[in-house]
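**Q** just to be clear, the model below is a prediction. Sequence and coordinates:
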Amino acid sequence: MSEKDISKNNNDESKVDVRNSTFKSCKDVDVRNSTFRSCKDVTFVLPAQLSSVACEYDQVNLSGDKESLSVLEPETVEGGERGMWTNQVEFFLSCMAYAVGIGNVWRFPYKCFKNGGGVFLIPYLIMLALAALPMFYMELALGQFYQLGPNKVFGKLAPAFRGLGYGMLCVTMWVAIYYNVIIAWAFFYTFASLTSHLDWADCGNWFNTPDCFLPEMAKQCDEDSTWWNNTCTSISLYCKARGVEGAINSTHCLGSTVVETLHQRVSPAEEYFKRYMLLMDDNTSLDHMGGVNWRLAGCLLLSWVVVMACLIKGVKSAGKVVWFTALFPYLVLVLLLVRGVTLPGAMEGIKYFLYPDWHKLLSVHVWTDAATQIFYSLGPAFGGLITLASYNRRDNNCQRDAVLIALANSGTSIFAGFVIFSILGFMAQELNVPVAEVVEGGIGLAFVVYPTAVTKLPVSPLWSFLFFTMLLTLGLDSQFTMVESLITALYDEKPSLRKNQWEIVGGVCLVGFLLGLPMCLQGGFYLFVLLDWYAGSWSLLVLAVTEVVLVGWVYGTERFSRDIYNMGIRTSRYLSCYWVFTWKVSTPLLLSCVLVATLLDYQPAKEGDYMFPDWANGLGWGVAISSLVVVLPLSCKEIWSGVLSGLPLSTMFTPCRLLRDTATNQAIKASSRNLDYVKHEKDNIEADQN
């Protein structure tokens, strides 16, 4: 909507009969619950900027209210200050650090390579423009205007949707539990890099098996032998070791068994990851979990201690940390790229990364991959963006921030692709194999393929240390936001808890550590895979579709556009039409398509050749459904409370007028102060020039 249209709508809204079904004055509401103030304690005011009637309570604390019903404002509880960012740069860096995470390094390059190289950027950028960016901006504006966390804000938009934020927090809780395990792994590898020789560089360690294989060592063997048990072994002995009597020739065992089919080769980096760090053995499974891996448990404890230390004072302490954690990864990426492109074979790897396969554009799977990659990368629907923006000043230009962060996120993903594939191209040349044979995505890329690649570099411990320190900071940034979302939810539920920040932050981190300990068992890696498979999959998409429908259709883009306008954020008519179209049409439609495709493409959890048992998949479905189940009780309670209070059902789908009017007043005041400051500075500049 343009400025002219919004001003007209504001004038029209001021003429609304306050007796309509969307708002009742206090004398029309039968307030029987003792937790609410009686009408004699309520004063009626006429805000000059809005000319609309609102019930305003004495000392209303908008930072978080204790409520039984969202449409009735309860008596507030005195608590500490909600807090704000020290400056807007810290907010920007925190949002950028949240969006730019581990997935930009270990997932995007692989998906781009797998889905047509440079062609993948076409659906990726289209999905960014039509779904991910609009939702990113929507959540920033929502949190900034209402200055509430996800557990409170949706109940204010429409009481019937009060439980939506709790569903998001449930997803965030599950993800935060296993995400810190990745950070613990990064700590482990960072410490392991503080040596003159990397343990995963060869097969001569106690944890290596006879199947440990190094292609460069195999070149030493003649045609009648093969590399096995860390040495060149004759084909005859190798066939016997595999249970086949003798050999016919250099390529076949007795019984016409091809020697190549007997190989069970594993790289030393993979054995280091599974057998040394995770302490897995041949019979480890979900039915045989083994004992506690105390080294890994110690790294997990360290991870949570770091998170606690950085969040102990909320956004004030976290805002200082992101100056390092948000910028350091870019320094490392630049160093790795400079080193990577100077290596032989680097250009071949980059060509594999970008070489376009135009036929891939006709594949639905490519478009689905593009949508899921950019959606999970920017991180809407977790509640983190709403939480970060809720500590903002209301006059901050979050539209500018959303666009810049989205572009920085996508640019980082592409840049990381050049870094990764330049090293993989060098690795492929060293091993004398095609680039496609060394490419792997996800955990395998970060903890197996890339560690193998750095062993080929001079001063390999240094490059290993830099890489895993980068992973560490990327992971911590995202973890900070997820844990802060959970802590903010507690504060918004009970503002008096802000007086006990040390106890609350420490308690949340302690619970997270205890819940993550099962993933430090010998078979805990399978629990990690199970949570990663189910926690943030289709259920998150359901919440995202519900959220964008709530804002776009129930709350309405007209109201939402007025809220943005009142914060002093101005847009052209064409840009306003773009935002409205994406919020109402393209975003819910595309996310719904991705949701359907995700459900149709469902496969039971597996890890390599290990297929998870039925009970484990049932547990995974329980984790996924839990984030939807928590939505229903609170939303149903809200509707039932409204019925008992004598309110019409339509009130359950209309915003809380008191909170919105008060937030609007404060937004107008903030934006007016900002305009006055700009005008004053402009006058000073003109005076100096004269």
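**A** It's in. Numbering: from 1, shown residues only.
**Q** tell me where the stretch 51-200 of the chain has strands.
**A** 54-56 (DSSP state E, counting those that start in this stretch).
**Q** got any ranges where it has weak pLDDT?
**A** Residues of the stretch 51-200 of the chain that meet the criterion pLDDT under 70 lie in 51-80.
**Q** now swap in the stretch 201-350 of the chain and tell me
**A** Judged by pLDDT under 70, the stretches of the stretch 201-350 of the chain that qualify are 248, 255-256.
**Q** quick one: the strands in it?
**A** Along the stretch 201-350 of the chain, the stretches classed as strands by DSSP E, counting those that start in this stretch are 225-228, 231-234, 252-253, 257-258.
**Q** can you lay out the ones you listed as a markdown table showing mean neighbour count?
**A** Where C-beta positions appear, they are placed from N, C-alpha and C, glycine not excepted. As requested, the strands of the stretch 201-350 of the chain are exported to a markdown table (neighbours: other Cβ atoms under 10 Å):
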| stretch | mean neighbour count |
| --- | --- |
| strand 225-228 | 22 |
| strand 231-234 | 15 |
| strand 252-253 | 20 |
| strand 257-258 | 13 |
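**Q** for residue 672, find the nearest of these.
**A** The closest of the strands of the stretch 201-350 of the chain to residue 672 is strand 225-228. By Cβ to Cβ, the value is 75.1 Å.
**Q** and the next element down the chain from the helix or strand residue 461 falls within?
**A** If you go by DSSP states H and E, residue 461 is part of helix 460-493. Heading C-terminal from helix 460-493, the first helix or strand you meet, by DSSP H and E, is helix 501-516.
**Q** for the host helix or strand of residue 411, buried residues please.
**A** Residue 411 belongs to helix 398-431 when elements are defined using DSSP H and E. Using 16 or more other Cβ atoms under 10 Å as the test for burial, helix 398-431 gives 398-399, 401-402, 405-406, 408-410, 412-431.
**Q** now the angle between helix 460-493 and it, please.
**A** Relative orientation of helix 398-431 versus helix 460-493 (axes from the mean of the first three to the mean of the last three Cα atoms, to 10 degrees): 150 degrees.
**Q** how distant is whatever helix or strand comes next after helix 398-431 from the center of its chain?
**A** Heading C-terminal from helix 398-431, the first helix or strand you meet, by DSSP H and E, is helix 443-444. Chain-centre distance of helix 443-444: 18 Å, with Cα atoms, centre = their mean, to the nearest Å.
**Q** need the residues that contact helix 443-444.
**A** With contacts defined as Cβ atoms under 8 Å, 6 or more residues apart in numbering, helix 443-444 is touched by 106, 182.
**Q** got the contact list for the helix or strand following that helix?
**A** Remark: after helix 443-444, the chain's next helix or strand is helix 450-454, criterion DSSP H and E. If you take Cβ under 8 Å, 6+ apart as the criterion, helix 450-454 is touched by 189, 198, 200, 267-269, 272-273, 420, 423-424, 426-427, 438, 460, 463-464, 467.
**Q** could you dump helix 450-454 to PDB, C-alpha only?
**A** Extracted C-alpha coordinates of helix 450-454, given in PDB (Å, rounded to 0.1, in the frame of the first residue of the first chain):
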ATOM      1  CA  TYR A 450      36.700 -31.700   3.900                       C
ATOM      2  CA  PRO A 451      39.000 -33.100   6.600                       C
ATOM      3  CA  THR A 452      40.300 -35.500   4.100                       C
ATOM      4  CA  ALA A 453      41.000 -32.600   1.700                       C
ATOM      5  CA  VAL A 454      42.900 -30.500   4.200                       C
END
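**Q** pLDDT (mean, whole number) over it?
**A** Helix 450-454 carries an average pLDDT of 91.
**Q** repeat for stretch 600-616
**A** For stretch 600-616, the mean pLDDT works out to 93.
**Q** that stretch: how far from the chain's middle?
**A** Centre-to-centre, stretch 600-616 and its host chain are 23 Å apart (Cα atoms, centre = their mean).
**Q** surely residue 192 meets residue 198?
**A** Yes. The pair residue 192 and residue 198 passes the contact test of Cβ atoms under 8 Å, sitting 7.4 Å apart.
**Q** which residues are common contacts for these two?
**A** Shared contacts of residue 192 and residue 198, defined by Cβ under 8 Å, 6+ apart, are found at residue 464.
**Q** ok, residue 569 to residue 91 distance?
**A** 15 Å (Cβ to Cβ, to the nearest Å).
**Q** cool, residue 242 as well?
**A** Relative to residue 91, and taking Cβ to Cβ, residue 242 is found at 60 Å.
**Q** neighbour-wise, which of those two wins?
**A** A direct count of neighbours by other Cβ atoms under 10 Å for residue 242 and residue 91 places residue 91 higher, at 25 against 15.
**Q** distance check, that one against residue 406.
**A** Distance, residue 91 to residue 406, using Cβ to Cβ: 15 Å.
**Q** contact partners for residue 599?
**A** Taking Cβ under 8 Å, 6+ apart as the contact definition, residue 599 lies against residue 538.
**Q** wasn't it part of a helix?
**A** Yes. The assignment for residue 599 is a helix, going by DSSP: H, G, I helix; E, B strand; the rest coil.
**Q** where does the stretch 501-650 of the chain have low pLDDT?
**A** Scanning the stretch 501-650 of the chain residue by residue, none of them satisfies pLDDT under 70.
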